[in-house]
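> Predicted model, plus sequence, below.
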Amino acid sequence: MQTITASLANDFKFTLNGEAWTPKDADGSTMAPIVYNDRTYLPARAIAEALGITVGWDADTRTVILGEAPAPVEEEPVEEEPIEEEPIEEEPIEEEPIAPEAELAIEPTGSDFSKSAPADIPINITWGPATAITEITGSALSGAVKINPEADKHYAVTDNGDGTAVLTIKTEITKLLPVDIAMVPEGTTLTLTIAFDNGDKKDFAVTVAK
């Protein structure tokens, strides 16, 4: 704020809309314009109210407001465009094919038994769904001869631990025959029926040879 020396122009007269008008303060007292540096300054509130203009005062900014105060500028919210995330393509997991379960099998399915040079007969077994041999029975001459070999005594099973095993038919099995093996005609077939713990059965043919 600056201090100045001015003169009150009490002799000034005013006409408003064709009629004599005198500036008045809010309390009704007469207000006179001032003259400073050959310029006339009128009371803003009195002039504005006489013209129907509202007058305001902003103490924070020391601003005289004539008419409506400017509306605060509302900043429009900035709409952020959504970021489109690229879909992540997941590589399909390739499942390893499940190996088909092995089938129960024996190999070979038959063998000669030499009367002159008797020897144990090995049979290769693929267990498949089975895990053990439960019984072996034998028959010959259309069922006229029947034998019941005993485990360990007449046959033995050696498990390989890889789903296979070796069944060994021992020469002692011939002692179950009603006659000495040397008396059995060549070409006679003894059918051994091997029963497994899964309920399956496999036949193995032993043919008497010279």
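Thanks, I have it. Numbering: from 1, shown residues only.
> From Glu96, how far out is the residue nearest the centre of the chain?
Nearest to the mean C-alpha position of the chain, by Cα atoms, centre = their mean, lies Glu90 at 10.0 Å. Applying Cβ to Cβ, to the nearest Å, the value for Glu90 to Glu96 is 18 Å. Every C-beta, even on glycine, is put in place using the N, C-alpha and C of the backbone.
> Ok, Leu167 next?
With distances taken as Cβ to Cβ, Leu167 is found 32 Å from Glu96.
> Neighbour count: these two, which is higher?
Leu167 (20 against 6; other Cβ atoms under 10 Å).
> Touching, that one and Trp127? I think so.
No - with contact defined as Cβ atoms under 8 Å, Leu167 does not count as touching Trp127 (11.1 Å).
> quick one, helices of this structure?
With DSSP state H as the criterion, the chain has helices at 44-50.
> Can you give the domain ranges for it?
Domain assignment for the chain, taken from automatic domain parsing, gives 7-66, 105-209.
> Contact partners for Thr207?
Thr207 is in contact with Gly110, Ser111, Asp112, Phe113, Gly187, Thr188, Thr189, Leu190, counting by Cβ atoms under 8 Å, 6 or more residues apart in numbering.
> Surely the last one and Ser139 touch.
Yes - Leu190 is within contact range of Ser139, at 7.5 Å (criterion: Cβ under 8 Å).
> more neighbours, those two?
Leu190 (23 against 16).
> quick one: that one and Val206, what's the gap?
Distance of Leu190 to Val206, given as Cβ to Cβ: 4 Å.
> so what sits against both of these two?
Common neighbours of Leu190 and Val206 (Cβ under 8 Å, 6+ apart) are Phe113.
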